[in-house]
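Q: Okay, here's the prediction I keep looking at, along with the sequence it came from:
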There are 2 protein chains.
Amino acid sequence: MQEKLRSHIEKIVRLNDEEFELVLSHFSIAEFRKNQFIFKEGEKVKQAYYVVSGLLKLLYTDSSANQHIISFAMEDWWESDFYAYFTQTKATMSLHCLEKTTVYCLSLDSYQHLCTHVPKMESFFLQKSNLGFIGSQQRILSLLTTNAKERYEQLLERYPSLLQRVSKTQLASYLGVSRETLSRLYS
Amino acid sequence: MQEKLRSHIEKIVRLNDEEFELVLSHFSIAEFRKNQFIFKEGEKVKQAYYVVSGLLKLLYTDSSANQHIISFAMEDWWESDFYAYFTQTKATMSLHCLEKTTVYCLSLDSYQHLCTHVPKMESFFLQKSNLGFIGSQQRILSLLTTNAKERYEQLLERYPSLLQRVSKTQLASYLGVSRETLSRLYS
DNA sequence: ATGCACCTGTGACATTGATCACTAATATGA
DNA sequence: TCATATTAGTGATCAATGTCACAGGTGCAT
């Protein structure tokens, strides 16, 4: 399990055993059942999560009670309501398990401690953050430039496994269309 | 001019004179006329840009030659095609001046040099990147959950000055609607 | 001052996607 | 195993937005 975290980090920065021990000591492990909430809108967000196994969705519920999926988080992904996490305020989004999921948890204190005491980890987080930013920008572009059908096809191409793991209803919510419209795209 | 850059950085990390000298030595200044391109789709992206004054748009041109504005960059903002910048590949987007604009330029080498030799700058970039990521995620949420009218109102609330500085056509392109639709939202 | 490019508003119509209603199929839990 | 909830597909209709066409206004360059 910790090998997974280690090799994930070492894809970006090398750590010796001692360094990794220190890093690891700042994480805790948690396991959640399918359909369990890791946190809900309105709660304080105390941790950022690295997904060891399972599948999460980050979702927002609007004033008409419609759910919108901001992102899925699969194995090897980091997820949280990062605004709430970094500002230590209450979540506007919820994090929900689509499958039984195991995560490593990192508190903001630990995050900051690692950044200041293990420079390589600051580099690691910087790289991750840059990639996250670029990914979000791609998603914006996709929402601006393509219709439902094209977005669906892009998604299938990029994450073919998702189709097996989540319901069409969830996919529709991620793509920003109603489930009925999604259903009609391939019929 | 360099005071502007310095106080921008010092909003996040303190630098002494010596440190700032070193930082500054990695930037170069450039000035662009209104309507000039800083880079175009297909070109290599060698710099990231900090806007001292003026206004930029980052845009993508789709296969039907429609322009989509991914973001505006006003005073104190950083902008580039960050995917192309970090991977040193060709731009898929273009960066264009909506006004006469002065920028500080930072090459990827300089960026990396600063990150490794001036830890505070790595902290600075990490914080910037996190904020950028959070901002993008807000934008995704806005595109997923609101219609054209609400997005327009959100934009006016957040950046009231934009309305004075850019044409409605540009605003529409940022909001992801046709200019005709935008025009009808307030009539 | 003249001409031209660009911006803006608006009518007519087409298209996309949302909503509501219903049915069937599948999965889940007691 | 049975009851119930969830999921998926589809028709009918409606609302939002796009597209095309045109006209008037504004500002810039020669």
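A: That came in fine, so what should we check first? For clarity, every value in this text was computed on a predicted model and none was experimentally measured.

Q: Residue in chain A with the shortest distance to chain B?
A: Closest to chain B within chain A is residue A:136: 3.5 Å, counting by C-beta to the nearest C-beta. To be clear about C-beta, it is placed using only N, CA and C from the backbone, and glycine gets the same treatment.

Q: Please name the nearest non-neighbouring residue to that residue.
A: residue B:136 (3.5 Å; C-beta to C-beta, 6 or more residues apart in numbering or on different chains).

Q: thinking again about what came up before, quick one: the helix or strand hosting the residue of chain A closest to chain B to helix B:119-145, angle?
A: Using DSSP states H and E, the element containing residue A:136 is helix A:119-145. For helix A:119-145 against helix B:119-145, the angle by axes from the mean of the first three to the mean of the last three C-alpha atoms, to 10 degrees is 30 degrees.

Q: which non-adjacent residue is nearest the residue nearest in space to the middle of chain A?
A: Nearest to the mean C-alpha position of chain A, by C-alpha atoms, centre = their mean, lies residue A:79 at 3.1 Å. Distances taken as C-beta to C-beta, 6+ apart place residue A:73 nearest to residue A:79, at 3.8 Å, with adjacent residues excluded.

Q: picking up where we left off before, and the residue nearest to residue A:136, what is it in contact with?
A: A:133, A:136-137, A:139-140 (C-beta atoms under 8 Å, 6 or more residues apart in numbering or on different chains).

Q: ok, 7 Å please
A: Contact analysis of residue B:136 by C-beta atoms under 7 Å, 6 or more residues apart in numbering or on different chains lists A:133, A:136-137, A:140.

Q: Could you verify that residue A:102 is part of a strand?
A: Yes - per DSSP: H, G, I helix; E, B strand; the rest coil, residue A:102 lies within a strand segment.

Q: Just say helix, strand or coil for the closest residue to it other than its chain neighbours.
A: Nearest non-adjacent residue to residue A:102, counting by C-beta to C-beta, 6+ apart: residue A:52, 4.3 Å away. Using three-state DSSP, the secondary structure recorded for residue A:52 is strand.

Q: distance of residue A:52 from residue A:75?
A: Going from residue A:52 to residue A:75 by C-beta to C-beta, to the nearest Å gives 7 Å.

Q: With residue A:31 instead?
A: Taken as C-beta to C-beta, the span from residue A:31 to residue A:75 is 14 Å.

Q: same check, this time on residue A:106
A: In terms of C-beta to C-beta, residue A:106 sits 17 Å off from residue A:75.

Q: same thing with residue A:66?
A: Applying C-beta to C-beta, the value for residue A:66 to residue A:75 is 28 Å.

Q: what kind of secondary structure is the residue lying farthest from the centre of chain A in?
A: The centre of chain A is farthest from one residue, residue A:187, which by C-alpha atoms, centre = their mean lies 31.3 Å away. The three-state label given to residue A:187 by three-state DSSP is coil.

Q: For chain A, just list every one of the helices.
A: A:2-10, A:17-25, A:82-87, A:108-117, A:119-145, A:148-158, A:162-165, A:168-175, A:179-185 (DSSP state H).

Q: excluding its backbone neighbours, what's nearest residue A:183?
A: residue A:168 (6.6 Å).

Q: what bridges to residue A:51?
A: Using DSSP bridges, the bridge partners assigned to residue A:51 are residue A:103.

Q: quick revisit: format the helices of chain A as a markdown table; extra columns: distance to DNA strand D.
A: Shown next, in a markdown table, are these (distance: least, C-beta to the nearest atom of the strand, whole Å):
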| stretch | distance to DNA strand D |
| --- | --- |
| helix A:2-10 | 28 |
| helix A:17-25 | 35 |
| helix A:82-87 | 25 |
| helix A:108-117 | 33 |
| helix A:119-145 | 9 |
| helix A:148-158 | 12 |
| helix A:162-165 | 9 |
| helix A:168-175 | 3 |
| helix A:179-185 | 4 |
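
Q: could those go into JSON lines alongside mean pLDDT?
A: As requested, these are exported to JSON lines (pLDDT from 0 to 100):
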{"stretch": "helix A:2-10", "mean pLDDT": "96"}
{"stretch": "helix A:17-25", "mean pLDDT": "97"}
{"stretch": "helix A:82-87", "mean pLDDT": "98"}
{"stretch": "helix A:108-117", "mean pLDDT": "98"}
{"stretch": "helix A:119-145", "mean pLDDT": "96"}
{"stretch": "helix A:148-158", "mean pLDDT": "92"}
{"stretch": "helix A:162-165", "mean pLDDT": "90"}
{"stretch": "helix A:168-175", "mean pLDDT": "95"}
{"stretch": "helix A:179-185", "mean pLDDT": "94"}
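
Q: Distance to residue B:39 for those - can I get that in CSV?
A: Converted to CSV, those look like this (distance: least, C-beta to C-beta, whole Å):
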stretch, distance to residue B:39
helix A:2-10, 33
helix A:17-25, 38
helix A:82-87, 29
helix A:108-117, 32
helix A:119-145, 16
helix A:148-158, 25
helix A:162-165, 34
helix A:168-175, 31
helix A:179-185, 36
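
Q: that older thread, is any part of the helix holding residue A:136 close to DNA strand C?
A: No - in terms of C-beta under 7 Å from any atom of the strand, no part of helix A:119-145 sits within range of DNA strand C; the closest distance is 10.7 Å.

Q: How far off centre is that helix?
A: On the basis of C-alpha atoms, centre = their mean, to the nearest Å, helix A:119-145 sits 12 Å off its chain's mean C-alpha point.

Q: One more: stretch A:2-9?
A: 17 Å.

Q: buried residues in that stretch?
A: A:4-5, A:8-9 (16 or more other C-beta atoms under 10 Å in any protein chain shown).

Q: now these as TSV including distance to chain B?
A: TSV is the format used below for the buried residues of stretch A:2-9 (distance: C-beta to the nearest C-beta, whole Å):
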residue	distance to chain B
A:4	23
A:5	20
A:8	18
A:9	15
